[in-house]
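**Q** What follows is a predicted protein model with its sequence.
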Amino acid sequence: MSPNQAGYQYLLAYKLTVPIYDYTVEFCNRCAYPNYPKPPDSPYSPNFPKLSSSRTFDQMVQAARSGLANIAEGYQQKSLASYIKLVGVSIGSLEELLKDYQAYARQHRLPIWDKSKSREIRELGAIWAILKSTPTLPNSPNFPHLPKSPEIAVNLMITLTNQALYLLQKLNTSLETKHTTEGGFSENLLKKRLNYRKQHPYT
């Protein structure tokens, strides 16, 4: 592990939340600003239907950011119980984000694709190639542009969010198992204290 990289940056579950956050910001901006982005020769498409409200914009961006940030914060906790709790917050945030993407598709009559069709999204393969190419993400991972089509874009986001939720559930299960078998921070402190008292009964 590089001394310049925090441990959570090696987690695939964390790495996947990075493009989810970046794409969510871009997705919401496309919905809010018809001419986003400039200049006009940009490869982006201006034809994304609007979100239901500015509040939805804020909620989606915050949920995506929370999904990413709470993994990092949880990893750095001394208490395993606190780590588990923050991973749970990350899961809850991404579940809310998933509901917002599904609602967007429903409200604008965009079909939600099944898993087999979603695998055909070209950007999905490119994203995963970047995620797996190095142990941690580079500072500028150069993810592909969000698809020009609203239908493809929303299905890409639904697929990525579902994949992140799957990985986070696995991480959560692993942490809970570790907590059960090895104990948490408080339990281990107590064990050390009891062992010390056995070895130093008169202190």
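**A** Now that the structure is in, tell me what you want to look at. Residues are numbered from 1 along each chain as shown.

**Q** Run through the helices of this structure in chain order.
**A** Taking DSSP state H as the test, the helices found in the chain are 12-32, 54-75, 80-107, 115-118, 122-133, 150-182, 185-199.

**Q** ok, now which ones touch Ser174?
**A** Residues counted as contacts of Ser174 (C-beta atoms under 8 Å, 6 or more residues apart in numbering): none. Glycine gets a C-beta too; all of them are placed from N, C-alpha and C.

**Q** From Val87, how far off is it?
**A** Ser174 sits at a distance of 10 Å from Val87 (criterion: C-beta to C-beta, to the nearest Å).

**Q** where does the chain dip in pLDDT?
**A** Across the chain, residues meeting the criterion (pLDDT under 70) sit at 1-6, 34-46, 183-203.

**Q** Can you say which of the helices of the chain is nearest to Pro144?
**A** Closest of the helices of the chain to Pro144 is helix 122-133, at 4.6 Å (criterion: C-beta to C-beta).

**Q** neighbours around the spatially closest residue to Gln163 that is not a sequence neighbour, how many?
**A** Spatially, and ignoring its direct neighbours in sequence, Gln163 is nearest to Leu16 (6.3 Å; C-beta to C-beta, 6 or more residues apart in numbering). Leu16: 25 surrounding residues under other C-beta atoms under 10 Å.

**Q** The one 3 residues further on now?
**A** Around Pro19 sit 25 other residues, with neighbours defined as other C-beta under 10 Å.
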